[in-house]
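*Asks:* coords please:
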Amino acid sequence: MKKIIFVLGLGLFSGLAMAQNSAVDEVMMKQVQKDKEKSDSDIKDEKSAAKAATWMDRAKTYQDIALQYSSLDSSAVIEAYDAYKKVIELDVNKKGAPGRLSKEATDILAGTEGNLYNAFVKQGAEHYQGQNMVKALELFQRAQEINKKDTLATLYGGIAAQQADKKDIAIDEFNKYMANGGKDPSVYYGLAQLYRADNQFDKAIATLEKGLEQSPDNKDLKSEIVNIHLASGNEDMAIKQLQELTAKDPSNVTNLVNLGILYDNINIKRAGQIRELQEKIGATGGQADKMAKQLADEKDKLNIYEGEIKRITGLLKKQPKSADLKRQLDEVTASRDEAKTNVAKYEADVKAMAEKANSPDKAAAEKELADLQAKYTATKKDILDSYQKALAAEPENYDALFNLGVIYFNEAVENKREIDNMDMQEYQKSGKVVEGKVCGLFKKAKPYFEKAVKAKPDMEEASSTLETLNNVLAQFEGKKVECIAAQ
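*Replies:* So this is what the prediction gives:
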């Protein structure tokens, strides 16, 4: 729910309440009290209650109370309404045609005469201020019966329904407000939020677009269209909208940061897809060679164990009662069996990898991988560009600083995986260079986290990440790794 709607409503209600306070006159109020007591007595009298004039006097007395003296009866407007209905019922001639009072009452209930509509709105506002949202809603809806083209009571009705957690009624009230020509952009925003909460994204977008027809330059409505596209999973449309917004207002930091986050989210997904494809085609760190080496090593172990079993068995023939030789044989036999299991597993892995390498889908997978990597690189440029533009406009923007730091930090972690997967021979060949690049990426991330912490010292995510980063860099320094500056 959009809080601006509630603030707006309370402001308008306060104005209505002030009108009442400024109009109260003690002498007149006492006279109205007497008129009320007389009317209450008259309708209990059988003869008086049969007269349309009695009910017309009652209607006007209670309408006056509703408009000026609500302290006498907080629901006086309902009594007035019912009294007007009674006038229409009683004031008919022998032919059933309405009389003068009946016609007057009919015009008042139709809103062409009198102030009954205002009385409903005013007492509804008073109930709203008293936090009786259900009663307020009832009175606002009754006001709409009198003025069906109204926007004021539909606005108030929608607000009261929201506060009373009657979402369906709030939606109906705000739609009436819009249909009757209401233009307040906060109502369009609030209604879109109600649709969004129910995952009715098409209706939410349509509502915001209607709002933009009334308020073409409203930034909140434009931004919320982007948010709803995101909530619905339509990232492409969200990016398109944000690109248009940043083109029109290149100094809007919020839009620039949001655009960077959108690009960032897309690349996070792509990174996962790239990893899956690399594993599928065996493109990560020479997996096929590693598997073949593991198989060869395990076969060597198996041969050693087989030879050792043969040797110990020979000794046991000479010393059949030796407990130590029996123990050794049991241990070596267990190791031999484990090696057999590993050989079978690695043979299956090597075979599966070979099948993947010779798969007719490999070429298609390699093309898909190349395309994804190209898109990843291009989008990374868009990410960096968006955040850098945001920082150019607002150098201490926390989100842009933190997110830039995360980009380089995550890239360093991703590169470190390559080192972790290396065997000793590979590490001796290229590990130091890769470590230098990893260190360089961590170093590049550091100033962004430092500035983010300075911008918002209370943000735990930045301070804890910076602490982790400093520990990592200390380890590199302890290992005397020469950091290679990241581009």
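*Asks:* Quickly list the domain ranges of the chain.
*Replies:* Domains of the chain are assigned by automatic domain parsing as 3-182, 287-361, 395-478.
*Asks:* Would you reformat these as TSV and include distance to residue 219, mean pLDDT and mean neighbour count?
*Replies:* (Each C-beta comes from the backbone N, C-alpha and C, glycine too.) TSV is the format used below for these (distance: least, Cβ to Cβ, whole Å; pLDDT from 0 to 100; neighbours: other Cβ atoms under 10 Å):
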stretch	distance to residue 219	mean pLDDT	mean neighbour count
domain 3-182	13	85	18
domain 287-361	48	83	14
domain 395-478	17	89	17
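*Asks:* Among those, which comes closest to residue 258?
*Replies:* Checking these against residue 258 by Cβ to Cβ gives domain 395-478 as the closest, at 8.9 Å.
*Asks:* so how far is the first residue of that closest one from its last?
*Replies:* Using Cα to Cα, to the nearest Å, the end-to-end distance of domain 395-478 comes to 33 Å.
*Asks:* what sits against residue 465?
*Replies:* Residue 465 is in contact with 405, 406, 409, 449, counting by Cβ atoms under 8 Å, 6 or more residues apart in numbering.
*Asks:* could you redo the residues you listed as CSV and give each row distance to residue 185?
*Replies:* Compiled in CSV, the contacts of residue 465 are given as follows (distance: Cβ to Cβ, whole Å):
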residue, distance to residue 185
405, 36
406, 34
409, 40
449, 38
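*Asks:* And the residues you listed, which is closest to residue 44?
*Replies:* Closest to residue 44, out of all of the contacts of residue 465 and judged by Cβ to Cβ, is residue 406, at 77.5 Å.
*Asks:* Does the closest one lie in a helix or a strand, and which?
*Replies:* helix 398-420 (DSSP states H and E).
*Asks:* Checking residue 181 next. Helix, strand or coil?
*Replies:* coil (DSSP: H, G, I helix; E, B strand; the rest coil).
*Asks:* in terms of contact, does it touch residue 151 like I think?
*Replies:* Yes: with contact defined as Cβ atoms under 8 Å, residue 181 counts as touching residue 151 (6.4 Å).
*Asks:* joint contacts of those two?
*Replies:* Taking Cβ under 8 Å, 6+ apart as the contact criterion, no residue touches both residue 181 and residue 151.
*Asks:* Count the neighbours of residue 279 for me.
*Replies:* Other residues within reach of residue 279, judged by other Cβ atoms under 10 Å, total 12.
*Asks:* What pLDDT does the model give it?
*Replies:* pLDDT for residue 279: 75.
*Asks:* Okay, and it sits in which element?
*Replies:* helix 253-281.
*Asks:* Mind listing what's buried along that helix?
*Replies:* Across helix 253-281, burial judged by 16 or more other Cβ atoms under 10 Å covers 253-264, 266-267, 270, 274, 277-278, 280-281.
*Asks:* just checking, what packs against that helix?
*Replies:* helix 219-231, helix 235-248, helix 323-357, helix 362-393, helix 398-420 (3 or more Cβ pairs under 8 Å, 6 or more residues apart in numbering; DSSP states H and E).
*Asks:* and it, how far out from the chain's middle?
*Replies:* Distance of helix 253-281 from the chain centroid (Cα atoms, centre = their mean, to the nearest Å) equals 19 Å.
*Asks:* Give me the packing partners of the next helix-or-strand element following it, helices and strands only.
*Replies:* With elements assigned by DSSP H and E, the helix or strand that comes after helix 253-281 is helix 287-318. Where contact means 3+ Cβ pairs under 8 Å, 6+ apart, helix 287-318 is packed against helix 323-357.
*Asks:* by how many degrees do the helix it packs on and helix 253-281 diverge?
*Replies:* Orientation check (axes from the mean of the first three to the mean of the last three Cα atoms, to 10 degrees): helix 323-357 against helix 253-281 gives 110 degrees.
*Asks:* quick one: helix 323-357 to helix 362-393, angle?
*Replies:* Calculated by the same axes, to 10 degrees, helix 323-357 forms an angle of 90 degrees with helix 362-393.
*Asks:* For helix 323-357, what is the distance to the chain centroid?
*Replies:* 52 Å.
*Asks:* Check which helices and strands that helix sits against.
*Replies:* If you count contacts as 3+ Cβ pairs under 8 Å, 6+ apart, helix 323-357 packs onto helix 253-281, helix 287-318.
*Asks:* Right, I'll leave it there.
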